[in-house]
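Novice: The sequence isn't on hand, but the structure is:
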């Protein structure tokens, strides 16, 4: 069995509702995990004899399970926001990986997640189709969906490998660059719940 | 208005800096991503946030690590039983040790003090501390024991309540006055008045009920070892059992399909009673080794008894930079390899569930807030290890089968059944080097070779024998998962292989024959020297295990079977020893036959039916020879086999192994007799009474 090589990254929405008041981002060393630091294979705990012993090394480090409810959106059924509305809206990082970053914006009940993941495929695995728009280009992928009471969605973003050309001493050469790990986004606003929940895994 | 609820349930407004400050430790632990920026990003904002942080290694301060548990309040004690439970006041652990027919008491904190064993009147399956008392289920005879700890640490029986045989799962109501007990082989669920020490009623349910939770004192939910559906028990009045459809792993299921499940040992419930978590094996779900299915933790919403994950339906929706059209697909993100999820507990302070993987001998922590907790794990801790590199299975902490949490939920204790060990895992340290202590408690009572076979039986990590799913995965406790596999021509060689479902066929061999092979029960059916195999092609049990290894493992030219046979033979010998000496058969009938059953015995033995001619009573109800029988016509799923001579299967325990026939087409023994059409013996002439009597007799075997 292969250990999983991906990570759960938490969604944290710290209420940056006014773009002008948050001109400087808050970067934190706590926010990301570099897969390069994670052993690809691990034999598990070492054996230290028959007695009680300490063993070490989980297969990968703990990334605390964190889930935040989304901003409580207006309970409306408004049209998809126009481009200027998105331009004036705060972006929050929701996924930061070495390979790519995803940011989240919301306008009224609409949420847009933009990932600079190259050559991706993004699919609605299951759930509410109404209002869900997914697309991907060579350079990025976007996920657009409204958050309305009763919604449940599971969306998967899967970056693919791409050919990269580099110039070297002996002319240009190509190599295949891995596409990076997948991200699964689940969004739900269950009846009886005060607010919707977004989980990024 | 804008507000956010954090994991621990606290609610704060973003505009309240004091509130945020008080939650700072928890927020740091939450790995949150706090960068916010406008679009387009300014020169000193936006993109640099991710760029600067993306190269940061994992580094979490000890201050934050120690702060996390303190932020959580002490959760109430669990109300669900387990093979390992904590005393109500946290002073000790209790282990229901089936293999030694004893309950072990281990004083806390865990140190070198010897466990105190109290002998039980039978094999204990689960225990549960309720106040100062300990409830224990006993499999055979079926009992619910009420035990009181003595000053010396032993347990004294204060009440003995008879329940249907093979008592297994256990849960109590919030007021501690009502217990619900599942009886696996008897397929019954009993509701027990703990004040009066009497059974209020027992209800007949689907086969192999195991895990149980009681939601609010009025409703209980039961999982089954066979099948994905749960049973809901409305506890008031005379009680009522109803089926709750709950397909397995819906995100990893083809469109418009529903997957069955097995290995449903464990249920857990969120403290608010809103969500139920079922750990099981999704039969046919694509996973890393897709042919056998995949482990899953599925979530049921208890407000309406519906799955939290919506069913997949309709045309695929999506976009791709590399594909012209989005093909129908299921979730492809690799899942945690938590094979054979044997035990599960809810960790309230982090809203996670902890799952003990019997096959991977690893503890997994999953996000309990997600639609599908099993998409990824938030924490994995390997437990099993081996001091001897020649041993294929762990010699320490093999087959984790019970989990208990410390009162503050910072420690997890894990009972490792195959090796008689207990592991202590420090949770919430949030560092790369989590600490695990493993302590040996009890030696295996089996001879060394059979003990080795026990470890191999549960171990899914051996590349030769299991390769991703252990024997126990399909033969839990030596019983069966009820699944019908397909035997098809091998992809690389002419040797046949098993696949789990029709949509998982090797795509380079169509069309080809596929023969149904329902998982056989092993416990109590492998005493004979031989032959074994569907066509009696294997002279002895070891030969059958070897062929089974090859069928399951799909060895390819890079892993030539010939090179692996020596190692495989050693494993087969050990496994045969465990199958015969370690697996415990289901309870036998402990009463005389009723008049109807006696009539059925006469029908069975009569010359006109001819049942006993092939199902020889003296030899486990099988003559152990291959007999030609007329196969049912081919279906879309199965071909008719050219070799129509099948070894007569043993009828021992046949009443508990539905469905029937190789392809599982008969859901009950009644349907089997009704649809026999004289393929096996001659039954078409039997009256309705004789058929009913025959079925009644078969159920006593």
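Specialist: Yep, that arrived. Here the structure is a predicted model, which is why all the values come from computation and not from measurement. Residues are numbered from 1 along each chain as shown, chains lettered A, B, ... in the order given.
Novice: Just the terminal-to-terminal distance for stretch A:140-149.
Specialist: 29 Å (CA to CA, to the nearest Å).
Novice: If you count neighbours, what's buried in it?
Specialist: For stretch A:140-149, the buried set under the neighbour-count rule, 16 or more other CB atoms under 10 Å in any protein chain shown, comprises A:140, A:141, A:142, A:143, A:144, A:145, A:146, A:147, A:148. All C-beta atoms are positioned from the backbone trio N, CA, C, and that covers glycine.
Novice: closest to chain B among the residues you listed?
Specialist: Chain B lies nearest to residue A:141 out of those, by CB to the nearest CB, at 7.3 Å.
Novice: So that closest one sits against residue B:321, correct?
Specialist: Yes. Between residue A:141 and residue B:321 a contact is recorded at 7.4 Å, counting by CB atoms under 8 Å.
Novice: Low-confidence ranges, the stretch 151-300 of chain B, go.
Specialist: B:287-291 (pLDDT under 70).
Novice: How about the contacts made by the residue in it that chain A sits nearest to?
Specialist: Of all residues in the stretch 151-300 of chain B, residue B:251 sits closest to chain A, at 5.5 Å by CB to the nearest CB. With contact taken as CB atoms under 8 Å, 6 or more residues apart in numbering or on different chains, residue B:251 is in contact with A:125, A:126, A:154, B:309, B:312, B:330, B:331, B:371, B:372, B:375.
Novice: Name the nearest residue to it, ignoring sequence neighbours.
Specialist: Nearest residue to residue B:251, sequence neighbours excluded (CB to CB, 6 or more residues apart in numbering or on different chains): residue B:331, at 4.3 Å.
Novice: quick one, strands of chain A?
Specialist: Remark: strands assigned in chain A by DSSP state E are A:53-55, A:68-69, A:91-96, A:101-107, A:110-115, A:120-127, A:133-136, A:141-146, A:152-159, A:162-168, A:171-177, A:183-188, A:197-200.
Novice: do you know which of those strands lies nearest residue B:700?
Specialist: Residue B:700 sits nearest to strand A:120-127 of all the strands of chain A, at 46.2 Å, using CB to CB.
Novice: one step back: now do the residue of the stretch 151-300 of chain B closest to chain A against residue B:191, distance only.
Specialist: 35 Å (CB to CB, to the nearest Å).
Novice: rewinding a little: let me see the confidence value for the residue nearest to residue B:251.
Specialist: Note on residue B:331: pLDDT of 82.
Novice: Pretty sure it sits against residue B:376.
Specialist: No. Under the criterion of CB under 8 Å, residue B:331 makes no contact with residue B:376, lying 11.0 Å away.
Novice: what touches both of those two?
Specialist: Joint contacts of residue B:331 and residue B:376 (CB under 8 Å, 6+ apart) are residue A:184.
Novice: low-confidence ranges in chain B?
Specialist: For chain B, the stretches with pLDDT under 70 are B:1-73, B:287-291, B:328, B:429-434, B:491-494, B:503-511, B:554-562.
Novice: That one: helices as residue ranges?
Specialist: B:17-22, B:24-29, B:47-54, B:62-71, B:448-458, B:471-474, B:541-553, B:561-581, B:595-605, B:611-614, B:669-674, B:688-698 (DSSP state H).
Novice: Of those helices, which is nearest chain A?
Specialist: Proximity to chain A (CB to the nearest CB) singles out helix B:47-54 among the helices of chain B, at 3.6 Å.
Novice: For the residue lying closest to residue B:356 once chain neighbours are set aside, grab the count of nearby residues.
Specialist: Leaving aside its sequence neighbours, residue B:356 sits nearest to residue B:400 (CB to CB, 6+ apart; 3.8 Å). By the criterion of other CB atoms under 10 Å in any protein chain shown, residue B:400 has 34 neighbours.
Novice: that older thread, could you save the buried residues of stretch A:140-149 as TSV and add columns showing distance to residue B:134?
Specialist: As requested, these are exported to TSV (distance: CB to CB, whole Å):
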residue	distance to residue B:134
A:140	59
A:141	55
A:142	57
A:143	51
A:144	55
A:145	50
A:146	52
A:147	47
A:148	49
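Novice: which residues do residue A:141 and residue B:321 both contact?
Specialist: Joint contacts of residue A:141 and residue B:321 (CB under 8 Å, 6+ apart) are residue A:120.
Novice: Report how many residues lie close to the residue lying closest to residue B:513 once chain neighbours are set aside.
Specialist: Nearest residue to residue B:513 in three dimensions, chain neighbours excluded: residue B:639, at 4.1 Å (CB to CB, 6+ apart). A count of nearby residues for residue B:639, using other CB under 10 Å, gives 17.
Novice: you'd agree residue B:639 is up against residue B:489?
Specialist: No. With contacts counted by CB under 8 Å, residue B:639 stays clear of residue B:489, the gap being 11.1 Å.
Novice: Are there residues contacting both of these two? Which ones?
Specialist: With CB under 8 Å, 6+ apart as the test, residue B:639 and residue B:489 both reach residue B:513.
Novice: how about the spatially closest residue to residue B:700 that is not a sequence neighbour, phi and psi?
Specialist: Nearest in space to residue B:700, with sequence neighbours left out and distances taken as CB to CB, 6+ apart, is residue B:589 at 4.8 Å. Main-chain dihedrals, residue B:589, degrees, to the nearest 10: phi -60, psi 130.
Novice: correct me, but residue B:589 touches residue B:698?
Specialist: No. Using CB under 8 Å, residue B:589 is not in contact with residue B:698; the gap is 11.6 Å.
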